[in-house]
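In: Got a predicted structure plus its sequence, pasted below:
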Amino acid sequence: MTENKSIIDLARAAEARPAPTEQPPPTREETLEPEEGSAPKEILSELLKNVQSKIGWSQLRLPSAGFNPSKIETIEIRPFTFEDERLLRTTKTISQGELIVEQLISRCIKGIEYKDLLLIDKNYILFKLREISYGDSYDIKAVCATCETENELQVELSKLPVVYAESGEDLEHKVILPDSEVEVVIKALKLEDETLLSDPTTLIDNMWRVVESIGGHTERTVKQGFIAGTTAKDISVIRNAIFGGSIGMQTKVNFVCNACDTGAVLELPINEGFFDAS
């Protein structure tokens, strides 16, 4: 999980798309009522025979592996349908982005309530929905930090490793701060914590909320006082730890620049083509 990974990017991309061109008014023939009845079932059955096996429910193990508050390890998931695709394409503004993602995930999973998901589970489900709905291949672009060449990459989502929790402690992230030399425990982030990560200022102001303990102390006043009084280096380590948990889908991608052969690591972005077939 990283600071720049946000489903809001999808809404922002949708908001930036040009408006559809105006179409001429329909002719009289186009506005006639359709014939009564529906398409013959046998014809639709034949046309859709290769689809049925691809739109059913399947099991998915959550990265939290039953150590989440709901103690649920496995859920069911299904790919997007026509109605889900139509809902997705209604995203027009940034403010709509999170609401529509919540609706889409809620419609496409069974076995756990959306509000009970940990953030690592939500992010994993998001990538799996993309994989099973639009295909395994995901096209992205990466700019080389050395020569600034833009590289076109294709990532196979199914090959990204997933680390599962083996105990409740695996969902916590412990670090020893370099200057104060005390141990900080970062709690497993819930969906309600996601708004606290929206921008650097909000995160700094609410850092104490996502810190479980500092030197064994869990009191709010102690956490707030320590964060306000320690060094910038300690704060930077805490901030990196919040986004650096090892459990979940591992979304760092290695690539070699096509122009200068420099190796680099890219955090897999969510771009405007995330919910499109490659």
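Out: Alright, I've got the coordinates.
In: Show me what the closest residue to residue 120 other than its chain neighbours is bridged to.
Out: Using C-beta to C-beta, 6 or more residues apart in numbering and skipping residues adjacent in sequence, the residue nearest residue 120 is residue 248, 3.7 Å away. In this view, the C-beta of every residue, glycine as well, is placed from N, C-alpha and C. On the basis of DSSP bridges, residue 248 is bridged to residue 163.
In: wait, isn't residue 248 in contact with residue 162?
Out: Yes - Residue 248 lies in contact with residue 162 (C-beta atoms under 8 Å); the separation is 6.9 Å.
In: shared neighbours, the two?
Out: Counting by C-beta atoms under 8 Å, 6 or more residues apart in numbering, the shared contacts of residue 248 and residue 162 are 63, 124.
In: More neighbours: which of these two?
Out: Each of residue 248 and residue 162 has its neighbours counted (other C-beta atoms under 10 Å); residue 248 has more, 24 against 15.
In: For residue 134, grab the count of nearby residues.
Out: 19.
In: what's the distance between it and residue 52?
Out: Using C-beta to C-beta, to the nearest Å, one gets 18 Å for the distance from residue 134 to residue 52.
In: one step back: could you list every residue that touches the residue nearest to residue 120?
Out: Each residue near residue 248 by C-beta under 8 Å, 6+ apart is listed here: 1, 63, 120, 121, 123, 124, 162, 163.
In: Likewise for residue 255?
Out: 142, 151, 153, 263, 264, 265, 266.
In: what do you get if the cut-off is 7 Å, keeping everything else the same?
Out: Residue 255 makes contact with 142, 151, 153, 264, 266, according to C-beta atoms under 7 Å, 6 or more residues apart in numbering.
In: who wins for neighbours among those?
Out: residue 142 (20 neighbours).
In: That one contacts residue 268, doesn't it?
Out: No - counting by C-beta atoms under 7 Å, residue 142 sits too far from residue 268 to count as a contact (9.8 Å).
In: show me where pLDDT drops low in the chain?
Out: 1-37, 53, 91-95, 278 (pLDDT under 70).
In: Let me see the ranges of the helices in it.
Out: 8-16, 41-47, 82-88, 94-108, 119-134, 200-210, 220-229, 232-242 (DSSP state H).
In: Which strands or helices does the fifth one pack on?
Out: In terms of contacts (3 or more C-beta pairs under 7 Å, 6 or more residues apart in numbering; DSSP states H and E), helix 119-134 is packed against helix 94-108, strand 248-249.
In: Including distance to residue 233, could the ones you listed go into TSV?
Out: Formatted as TSV, these follow (distance: least, C-beta to C-beta, whole Å):
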stretch	distance to residue 233
helix 94-108	33
strand 248-249	27
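In: ranking these by burial, who's on top?
Out: Comparing these by mean neighbour count (mean count of other C-beta atoms under 10 Å), strand 248-249 comes out on top with a mean of 22.
In: how far is it from where the chain is centred?
Out: Using C-alpha atoms, centre = their mean, to the nearest Å, the mean C-alpha position of strand 248-249 is found 10 Å from that of the whole chain.
In: who's in contact with the residue lying closest to residue 166 once chain neighbours are set aside?
Out: The shortest distance from residue 166 to any non-neighbouring residue, by C-beta to C-beta, 6+ apart, is to residue 65 (7.2 Å). Residues in contact with residue 65 (C-beta under 7 Å, 6+ apart) are 73, 164, 165.
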